[in-house]
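Q: Just a sequence and a predicted model for now, questions to come.
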Amino acid sequence: MRYRAGVILCLMLLPSFAKGQDWVVPEERRGRLSTFPFNDDTRKEGERLYMINCHSCHGDPGKNNYIVLQPSPGDPATEKIQKNSDGEIFHKVSVGRGQMPSFRSVLTTEEIWKVVSYIRSFNRDYVQKVMQVITSSAYPGAVISMKLAYDEAAKLVSVMASATSETGTVPVTGAGVRLLARRYFGLMQVDEEKTTDNNGTALFAIPESLPGDTAGNISFSAQFTDEQVFGSVSKDTILNAGAVTIPVSLTAKRAMWNTVRKAPVWVILAYGLGVLAVWGFIFLVMFRLRDIFTVGTELRERLQTSPGNQEPPKNQQI
Amino acid sequence: MDKKEEGSRSNDLDRVIENSRRDFLRKITLAGAVTVTGGAAIYSGHRFEKAKHREGYVKVLTEDNRLVEIPVEQMRDFKPDLKMLQSRGREGIPGRKWVMVIDLSKCRNARKCVEACQSAHHLRPYEYHINTLVMQESVNTPAFFMPKPCQHCDNPPCVSVCPVDATFKRQDGVVLIDNERCIGCRFCMAACPYSARIFHWQEPSQHEADSEKEYNVELNVPHKKGTITKCLFSADRLREGMLPYCVSACPNGVFYFGDENEDAVTNGTTKETVRFSELIEKNGGYRLMPELGTQPRVYYLPPKNRIFEFEEGEKREYKEEKA
Amino acid sequence: MDEIRFNTPTEKGKIDSLASDILKNVRINSGFLLWMGFLFTLLAACLAAYVIQLRNGLGVTGLRDFTSWGMYIANFVFFVATSLCGMLISSVLGLIGYKWVKPISRIAEIIAIAFAAVAGLVIISDMGRPDRLPYVFLFGRVQSPILWDVTVVTTYFVLSLLLWFFPMIPDLAIAKDRLEGRPKFLVKAYEILSFRWMHHEVQYRLLGQAVRILLILIIPTAFAIHTVTSWLFAVTPRTGWDSTIFGPYFISGAFVSGTAAVIIAMYFFRVNYRLEKYLNAQTFERMGRVLVLVAIVYFYFNLNEFLVPGYKLKTGDAIHLRELFTGHYALMFWGIQLLGLVIPIILLLFRQMRRPLPMLLISFFVLIGSWFKRYIIVVPAQAHPNLPIQGVPVEWVVYRPTLIETAVTVASIVLVLIIITILAKLFPVVPIWEMAEEESGKDKITQ
């Protein structure tokens, strides 16, 4: 995680990495080859992907307009990068290191190969070697499957991998397996990468606080880490392994910021009563005006109906 | 154990899939754009992924949460009308509590987040829903870049002061602005301590091209002169199961986005999903101006262990477009 | 029951002399028409600016995203403040029992009506979407101080109008028979508005009740109108506005500008309307004392508002205060504090300065200072937000009002003058019967 502090999208690192070490790709990965031949279509798609994911650091291949960083991302068209084997480039894109992020979760295997295909188009001397068959498959001809189960007492999810062929079913042993929990925007790795034992079983510890749905269910996915060997096998299962999570609406409570219907009661009361009181009095005052008018009318009528009785009051002349 | 599996909704089929998020996302988009004859509309397209394919049929989730199968040829493109856009936009996505984490140790001021946001929301280069700021707290503390979207506070001062319910907080935490309602008093701008809001002082850019469009409160396009606009957490994308525009556009892995209820955030660059609580705890996460009690839904990771030099770069100059 | 007031010959004589003094100004003469012609021409020119703003948006003002409230809001606050004089003069001083406020109470109410009415319009001129004004009533959020403000400004306007009109009913009845040579519509209006006033005991009792209710009612309303206006700022977490004393601070400031406005109006009516007998030097002297008192109170709140944050110098406060004391707004700030507050206080402590003409000049300084004071409360607090202003055009950083918004602001002031002119020209500006009662020692209304 220390190196995750690295920042920029780099397709490739120069050997002068921060620690001064070369970026050594594990032996078994170097020879990895694409399962499909590179052609104009793959290059075109590769270019599109490159522009989205790699261009911001590595620039346009052949133009040396990669951004200045230490270590330098480098131009993919140069020898420094082109001298890598296909497998090495694939590995570096996939895993990442330091400032170069991992693209394993961003690009599919096929897409990474298409990016490689695009990079190789800047190398005239390059001749592609295509992988003919999955030569290293541990269980040739067999259908590999996985079964997930949850042990509530031990808080463990077990992944049992088996290979079924005409000769019967055998456990898949020694295989790297990852357990992933489905979240809204993608799969989240739970516990560490595990290797299947002699029974083909890998056990994953489930943190108690891992939220499930309202019933505590979580949709899990198990994957082999090395699809080269075991194929792209994945298994989705919903298990009752998570913490029960009852979502609370953020707008449930009355608050100053909530809608008028959910205003604090005291605000509604204070405002409502205040307005009612003041306007009540205003209307009361208006009624006084009506009363003044009524009294005036009465008074005038009385003066008019009894004109001889007394002389008109002096104020009439005022 | 077996019982539990029976109770689950999983189809018990081993599937060999390509580990393809892109395909997955494509399906979501497709599902989000169709409806059942008879008007039932799809709300949660992502669940469609779970449906088993059958030739000539497609499974869709109806508004009342039923999974139904309809012939492909009966599918119609669904174009939500203003009323529906408004009601679903105000309601939000049930069960979610969106949260963003911004890792300052990775931000190099590439401004891709800004550009993606401005292009998605039809803004001018100097109109920001998100901006990357050059920050320095004091003389001897380090300078760093800080992407600053709306903080989508749980106690939003801007929403409190709105006189007409034009800006509002949804159940999933997003603070939106409805420019069909906004009267342009700018009280919310005055109240926001993060300067997250902008106002359309003149005709918005692209207003002519956008004038025919149905107003989507979750995208805030088309904009209207004399109203407020702000960061929306890309509410339109969240509905489709996609990360916000800025989050996916970042080349440097700065942004994480996810659902606090799931305790998971997904990095926009590497698409890696991690525990939200762990990320915050291990990296000393914090929120801006906690003393104000606004309770933002945006968290920051401090700019430590940076392996690049801080370079401010060229000063950008902006000229106001005159109408 | 049948007791009619003003029925002795001496009282009638008083009424006659008062009425002839006061009503001689109630006429539509060439001066009035010329003045109104001037005001309306000016208003039309300024409204052209508002039309431009309506068409092109608020971008024609100097306002931008960071300083998004400017001259309009400052002007609004000033108007609300000045309108508070109605409450101060009629209610507070009236209810205490000061008789000398009688001749000026109606002037104070006229000013209150004019400023309160136009304050509402000023707010509309600041709205980005004035066409959506009805939304405030349709979708009003009871939590928003704007809704409170709309409510109290409306209420205060209505109360001021009633408090101007009610005590005038007997005057209208007195005047309606003495309007020879005035336009017919005016006579007719007096006839209708006098509500069959017969100077009858019962009517006096009813009127007295109504006025007393209004006098009491207007006190909390007036406090509310200005406290709520201060809350437009104080409820935000913004440095410079985030203050707990903003309510009383604004109210004491409102007393200052309101009193100054009344003194200016008093002087104008004294000279132009030849009302020296009623708006006499003694009244000015007393208003001078009122002004110095409220100005000292206001000075005290200023001291609190600046000294306390200046003592602690919290980050935001330090920046804000530096801008005010020595920075971009220093000239304006010290100009307001010295010319508009401190020096007037010192001068007004001397009796010679409380004569009409010096009072007029001092009040002008105080009133103009009050306007700029509102500007300096509203604008600088926005110039330095918590997070830096970056990546925007340079002209967005510092707010400079444009000609257009200045013109719209002038329009609002012109509108105030128009309302004051109409009310003061078509209706008696000094209460006739109250003065008569005063002289004959009777006082029905405030007893």
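A: Great, that's in hand.
Q: Past the least confident helix or strand in chain B by mean pLDDT, which element shows up next along the chain?
A: Ranking every helix and strand in chain B by mean pLDDT, DSSP states H and E puts strand B:34-35 at the bottom, with a mean of 37. Remark: after strand B:34-35, the chain's next helix or strand is strand B:57-61, criterion DSSP states H and E.
Q: Just the buried positions in that next one, please.
A: Judged by neighbour count (16 or more other Cβ atoms under 10 Å in any protein chain shown), strand B:57-61 contains these buried residues: B:58-61. Every residue, glycine included, has its C-beta placed from N, CA and C.
Q: elements contacting the helix or strand residue B:189 falls within?
A: Per DSSP H and E: residue B:189 is located in helix B:187-191. Applying 3 or more Cβ pairs under 8 Å, 6 or more residues apart in numbering or on different chains; DSSP states H and E, one finds that helix B:187-191 contacts helix B:157-161, strand B:197-199, helix C:201-234.
Q: contacting residues for the residue in chain B positioned nearest to chain C?
A: Nearest residue of chain B to chain C: residue B:184, at 2.0 Å (Cβ to the nearest Cβ). Applying Cβ atoms under 8 Å, 6 or more residues apart in numbering or on different chains, we find residue B:184 in contact with B:199, B:226-228, C:58, C:127-129, C:132.
Q: Close to chain C: what parts of the stretch 201-323 of chain B are there?
A: Applying Cβ under 8 Å from any Cβ of the partner chain, one finds that the stretch 201-323 of chain B approaches chain C through B:201-203, B:224-228, B:289, B:292, B:294, B:316-320, B:323.
Q: Mind listing what's buried along stretch C:266-279?
A: Neighbour-count burial for stretch C:266-279 flags C:266-267, C:269-270, C:273, C:275, C:278-279 (criterion: 16+ other Cβ under 10 Å).
Q: One more: stretch A:195-204?
A: Buried residues in stretch A:195-204, counted by 16+ other Cβ under 10 Å: A:196, A:200-204.
Q: ok so, going back, which two of the buried residues of stretch C:266-279 have the greatest separation?
A: C:267 and C:278 (13.0 Å; Cβ to Cβ).
Q: In space, not sequence, find me the middle residue of chain A.
A: For chain A, the residue nearest the mean C-alpha position is residue A:185 (3.6 Å; Cα atoms, centre = their mean).
Q: how about the residue in chain C positioned nearest to chain B, what does it touch?
A: Per Cβ to the nearest Cβ, residue C:128 is where chain C lies closest to chain B, at 2.0 Å. Residue C:128 makes contact with B:182-186, B:199-200, B:225-228, C:57-58, according to Cβ under 8 Å, 6+ apart.
Q: Outline the domain layout of chain B.
A: Listed domain ranges for chain B are B:2-77, B:93-301 (source: automatic domain parsing).
Q: Just name the most buried of those domains.
A: Most buried of the domains of chain B, by mean neighbour count (mean count of other Cβ atoms under 10 Å in any protein chain shown): domain B:93-301, with a mean of 21.
Q: so how far is that one from its chain's centroid?
A: 7 Å (Cα atoms, centre = their mean, to the nearest Å).
Q: That domain: end-to-end distance?
A: End-to-end distance for domain B:93-301: 27 Å, by Cα to Cα, to the nearest Å.
Q: If you drop the residues flanking it in sequence, what lies closest to residue 65?
A: Reading this off chain A. Spatially, and ignoring its direct neighbours in sequence, residue A:65 is nearest to residue A:59 (3.7 Å; Cβ to Cβ, 6 or more residues apart in numbering or on different chains).
Q: that's the wrong chain, I meant chain C
A: Using Cβ to Cβ, 6+ apart and skipping the chain neighbours, the partner closest in space to residue C:65 is residue B:198 (5.0 Å).
Q: Likewise for residue C:399?
A: residue C:67 (3.6 Å).
Q: can I have the helix or strand harbouring residue C:164 written out in CSV, keeping just the CAs?
A: Taking DSSP H and E as the definition, one finds residue C:164 inside helix C:145-165. Taking Å, rounded to 0.1, in the frame of the first residue of the first chain, the C-alpha atoms of helix C:145-165 are listed here in CSV:
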residue,chain,number,x,y,z
PRO,C,145,-35.4,33.6,6.8
ILE,C,146,-36.4,34.9,3.4
LEU,C,147,-39.9,33.7,4.0
TRP,C,148,-39.9,35.3,7.4
ASP,C,149,-38.5,38.5,5.9
VAL,C,150,-41.2,38.5,3.2
THR,C,151,-43.8,38.0,5.9
VAL,C,152,-42.6,40.6,8.2
VAL,C,153,-41.9,43.3,5.6
THR,C,154,-45.4,42.8,4.3
THR,C,155,-46.8,42.9,7.8
TYR,C,156,-44.8,46.0,8.7
PHE,C,157,-45.8,47.8,5.6
VAL,C,158,-49.5,47.1,6.3
LEU,C,159,-49.1,48.2,9.9
SER,C,160,-47.3,51.3,9.0
LEU,C,161,-50.0,52.1,6.4
LEU,C,162,-52.7,51.6,9.0
LEU,C,163,-50.8,53.6,11.6
TRP,C,164,-50.5,56.4,9.1
PHE,C,165,-54.1,56.2,8.0
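Q: downstream neighbour of that helix in the secondary structure list?
A: Next helix or strand after helix C:145-165 toward the C-terminus (DSSP H and E): helix C:169-175.
Q: Taking the stretch 201-318 of chain A, what residue is nearest to chain C?
A: Residue of the stretch 201-318 of chain A nearest chain C, by Cβ to the nearest Cβ: residue A:296 (2.7 Å).
Q: Could I get the contacting residues of that residue?
A: Residues in contact with residue A:296 (Cβ under 8 Å, 6+ apart) are C:195-198, C:200, C:203.
Q: same thing with residue A:118?
A: Shown in contact with residue A:118 (Cβ under 8 Å, 6+ apart): A:42-43, A:45-47, A:49-50, A:61.
Q: Among the residues you listed, which ones are in helices?
A: The helices, defined by DSSP state H, take in A:42-43, A:45-47, A:49-50 from the contacts of residue A:118.
Q: How about the closest residue to chain A within the stretch 251-400 of chain C: what's its closest non-neighbour residue?
A: The nearest approach of the stretch 251-400 of chain C to chain A comes at residue C:251, 17.4 Å away (Cβ to the nearest Cβ). In this structure, residue C:251 finds its nearest non-sequential neighbour in residue C:226, 5.0 Å apart by Cβ to Cβ, 6+ apart.
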